[in-house]
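Visitor: after the sequence you'll find the predicted model.
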Amino acid sequence: MKRFAAFSLLFVALRAHADFTLVENFDEAGHVQKVTIFVKGEKVRVENADTGRVYIEDFAERRCFVMSITKKTYYSGPRVGTPVIREDTNPNIVDTGRQEKIADYKADIYTIDDQGCVNVLWATKDAPDYATVTKKLKQLELNGISTNLMPIFWKLDALPVKLQLFFNGKATCTTTLISLKQEPVDDSEFQPPSDYTSTGPPYR
């Protein structure tokens with residue numbers, strides 16, 4: 001769900017080439033979903049273990065796959081839609097001076113006042129090569145692919161590892177990093193398995 005970005009006509013290519021796999025929990029009103037994000041060069045795979053839906057995009061080829069793990073079907077086509085960037089906001093980001101351990105990383109806690117809506121974000125510099133991962137996640141957001149963790153306006157030199165959004169003073173959803181592995185990702189993660197059937201768009 002986009003809260004810090006909408007869609008526009010700007011395309012931003014992923015340029016760094018470090019591979020990594022990020023696992024997060026997305027908790028909305030007590031309903032927790034496990035989301036895994038694979039990144040390899042200019043390819044990304046976002047997999048929701050609870051819904052069985054997978055989105056794959058190759059930014060170099062400007063093609064995407066939408067897969068259903070439960071139905072073993074997929075739809076392949078050109079990239080649909082382009083991102084609107086909402087990077088023009090200048091929220092008030094305040095370091096609270098407090099810290100908490102998230103996914104084995106010591107994280108500083110910030111409050112973010114974005115046009116009167118105050119949210120809380122945890123960010124770390126403890127993760128290996130955190131700057132590269134931060135840049136990648138930001139590029140995904142700029143391309144309209146939500147990572148749930150990365151505000152579109154984030155400019156601090158630290159990797160977000162937890163984000164809690166509030167509405168009328170109550171937490172509405174919380175995204176928490178579970179693990180981050182910086183190791184090669186196999187090319188097969190970015191193609192439908194051979195036993196999947198090509199079909200029309202699964203969500204229409």
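Guide: Received the coordinates, thanks.

Visitor: name the nearest residue to the residue minimising distance to the centre of the chain, ignoring sequence neighbours.
Guide: Per CA atoms, centre = their mean, the C-alpha nearest to the average position across the chain is that of residue 147, at 1.2 Å. Using CB to CB, 6 or more residues apart in numbering and skipping the chain neighbours, the partner closest in space to residue 147 is residue 137 (4.9 Å). Backbone N, C-alpha and C define where each C-beta goes, glycine included.

Visitor: what packs against the helix or strand containing that neighbour?
Guide: Per DSSP states H and E, residue 137 falls inside helix 130-142. Judged by 3 or more CB pairs under 8 Å, 6 or more residues apart in numbering; DSSP states H and E, helix 130-142 is in contact with strand 20-28, strand 31-40, strand 159-167.

Visitor: hang on, residue 145 packs against residue 39?
Guide: No - using CB atoms under 8 Å, residue 145 is not in contact with residue 39; the gap is 10.4 Å.

Visitor: out of these two, which sits in the more crowded spot?
Guide: The neighbour comparison of residue 145 against residue 39 (other CB atoms under 10 Å) goes to residue 39, with 28 against 19.

Visitor: partners of the more buried one in the sheet?
Guide: Beta-bridge partners for residue 39, by DSSP bridges, are residue 20, residue 44.

Visitor: got the CA coordinates for stretch 109-118 in CSV?
Guide: The C-alpha trace of stretch 109-118 is given here as CSV (Å, rounded to 0.1, in the frame of the first residue of the first chain):
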residue,chain,number,x,y,z
ILE,A,109,14.3,5.4,16.4
TYR,A,110,13.0,8.4,14.5
THR,A,111,9.7,10.2,14.4
ILE,A,112,8.5,11.5,11.1
ASP,A,113,6.0,14.3,10.9
ASP,A,114,4.7,14.2,7.4
GLN,A,115,2.1,16.9,6.9
GLY,A,116,0.7,16.5,10.4
CYS,A,117,0.8,12.7,10.4
VAL,A,118,3.4,11.4,12.8
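
Visitor: now it: buried residues?
Guide: For stretch 109-118, the neighbour count (16 or more other CB atoms under 10 Å) marks 109-110, 112, 114 as buried.

Visitor: which of these fall within strands?
Guide: Counting by DSSP state E, those place 109-110, 112, 114 in strands.

Visitor: pLDDT and distance to residue 33 for those - can I get that in TSV?
Guide: As requested, these are arranged in TSV below (pLDDT from 0 to 100; distance: CB to CB, whole Å):
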residue	pLDDT	distance to residue 33
109	98	24
110	97	24
112	92	23
114	77	24
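
Visitor: would you map the strands across the protein?
Guide: With DSSP E as the criterion, the chain has strands at 20-28, 31-40, 43-48, 53-58, 63-68, 73-78, 92-102, 105-114, 117-124, 159-167, 170-181, 197-198.

Visitor: out of the ones you listed, deepest packed?
Guide: strand 159-167 (a mean of 22; mean count of other CB atoms under 10 Å).

Visitor: tell me what that one is packed against?
Guide: strand 92-102, strand 105-114, strand 117-124, helix 130-142, strand 170-181.

Visitor: now the angle from that strand to strand 20-28?
Guide: If you take axes from the mean of the first three to the mean of the last three CA atoms, to 10 degrees, strand 159-167 sits at 20 degrees to strand 20-28.
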